[in-house]
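Q: Here's my sequence, what's the structure:
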Amino acid sequence: MGSSRKRPAEKDASDKCPKRSKLHKSDALSPPLTVTVRGQTFEPTPVFDTFWRFAAERHAITEKRLKGLPAPWTDDPILQIYPFCNTYRVLDRVSQYIIAEVIEKGSQDPTELVFRILLFSTFTSINTYETLRGAIKPLTWSTYERANYERVLRRLYDDKVAIYTGAYQKPAPNLGFVENFMNHLALVEVLMQELPTQCEKAEYVADVFDWLCTFKSMGDFTGYQLVLNLSYSSVLNFSDYDFVVVGVGSRRGLQRCFKGQIPHACEVDIIRWMQLTQAEHFSRLNLKFNGLGPRARPIMLCDVEHILCEVDKYVRKLATPSRRPFHPSGTLAKMRLPKAWTLPARQSLRIKCQEEAEVEYIEKFVVDSIRSHRGVDGEREFLVHWEGYSTDEDSWEPEDMLADDAPHAIREYWEHSLV
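A: Numbering: from 1, shown residues only. The predicted structure is shown next:
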């Protein structure tokens, strides 16, 4: 049931964008370039230039905040009102916490590093991790006993304290327990039997990802996020040019950036092209982009994928008036970059398969069902399960967009909720 996520051109949110946006101009001409991959040529839309303007402006905001400058950090009304992730994934709050508190604090033994990163990534909650770390000493795999972790997690559960982050839903495997957190704890135990060895012997980073995806509930999204978190440490030493996984949100963003339909097999190639030609686009648009850190690190593959998802949200917000302003905190803590990024092994390019994908088909996003709803900044969002995707790709979508694309799914959700 539901409808295709590919809307007709006349209904595209980019055609309804208010002119006050300095990052996106709906009446702008398409960028004077095309990209050809796998024998197919793709022509960018005006949203393609919005991608680069967004990347530059969002990073400029972060740089100002790191310097302790007062708000407002941007003249762009959308970036002033709504929260968006950083241009660089590593600068997001959770990534910074993983580097400073999960990786750098504690034993640097590879197995213990894997355990702490896996434990945090399973719940992706700073409060849950700090509660575990405060109650269990030492927080190590070598001294692991399930009863100790169950006691702490069950206390949070009984006190109705959120164990998981609210950013996205994590499906739990069925490993014989009633509660999701216990099934996830059991999954940590299962993964720890081989994950340290998988990281050590992997010839390609894709090997670790492929192995993770053999486990039920460990789909593309969850597996890729765990791989990225592991890559902040020395246990997974591969170049950031090696591997990327395209999620549902970034697929939508990529589709906005180019005319016509993009086959799944072409997505990674286009993202690689965007990453390699970024200097050209910043220069063409007269954008100042300083890169990351003292070495001016460019946007990497994971960052392009990350930004595409944010640009999709940005363009949608252009057509949606604000109901409640977003008020970010002031000065940011000192930036922490992974020490492992300086290791020599990171300089060698190791792509498992140059072809990366062989199947030629058009990716469609069709609403299978709606699982839940919530309020965010005065607006309603629905948790959507997409037809043909695993549950770890479920995503929160705004009500106004679903009202256009899948009104029957919304009606059916409310009918079942009232039963």
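Q: Okay, strands next: where are they in this structure?
A: For the chain, the strands defined by DSSP state E cover 35-37, 40-42, 367-376, 379-386, 395-398.
Q: can you put these in a markdown table and add mean neighbour count and distance to residue 146?
A: (Each C-beta comes from the backbone N, C-alpha and C, glycine too.) Converted to a markdown table, the strands of the chain look like this (neighbours: other CB atoms under 10 Å; distance: least, CB to CB, whole Å):
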| stretch | mean neighbour count | distance to residue 146 |
| --- | --- | --- |
| strand 35-37 | 15 | 48 |
| strand 40-42 | 15 | 51 |
| strand 367-376 | 15 | 29 |
| strand 379-386 | 19 | 30 |
| strand 395-398 | 19 | 32 |
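Q: and of those strands, who's closest to residue 275?
A: Each of the strands of the chain has some distance to residue 275 by CB to CB; the shortest is strand 35-37, at 12.1 Å.
Q: Counting by contacts, list what that closest one packs against.
A: strand 40-42, helix 264-276 (3 or more CB pairs under 8 Å, 6 or more residues apart in numbering; DSSP states H and E).
Q: Comparing these, which comes out most buried?
A: Among these, helix 264-276 has the highest mean neighbour count (mean count of other CB atoms under 10 Å), at a mean of 19.
Q: domains for the protein, by residue range?
A: For the chain, automatic domain parsing gives the domain ranges 9-89+243-327, 109-231, 367-417.
Q: and residue 345, which of these is closest to it?
A: Among these, the nearest to residue 345 by CB to CB is domain 109-231 (11.1 Å).
Q: low-confidence ranges in the stretch 301-419 of the chain?
A: Under the criterion of pLDDT under 70, the regions of the stretch 301-419 of the chain flagged as low confidence span 320-330, 353-366, 376-378, 387-393, 401, 403-405, 418-419.
Q: can you give me the helices for it?
A: With helices called from DSSP state H, counting those that start in this stretch, the stretch 301-419 of the chain shows them at 301-318, 399-405, 407-417.
Q: before we move on, what about the stretch 151-300 of the chain?
A: Shown for the stretch 151-300 of the chain, the helices assigned by DSSP H, counting those that start in this stretch span residues 180-192, 195-201, 205-212, 220-231, 248-257, 264-276, 278-284.
Q: Rebuild those helices as TSV, extending it with mean pLDDT and distance to residue 39.
A: Output for these, formatted as TSV (pLDDT from 0 to 100; distance: least, CB to CB, whole Å):
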stretch	mean pLDDT	distance to residue 39
helix 180-192	94	40
helix 195-201	97	35
helix 205-212	94	24
helix 220-231	94	26
helix 248-257	94	18
helix 264-276	94	10
helix 278-284	95	23
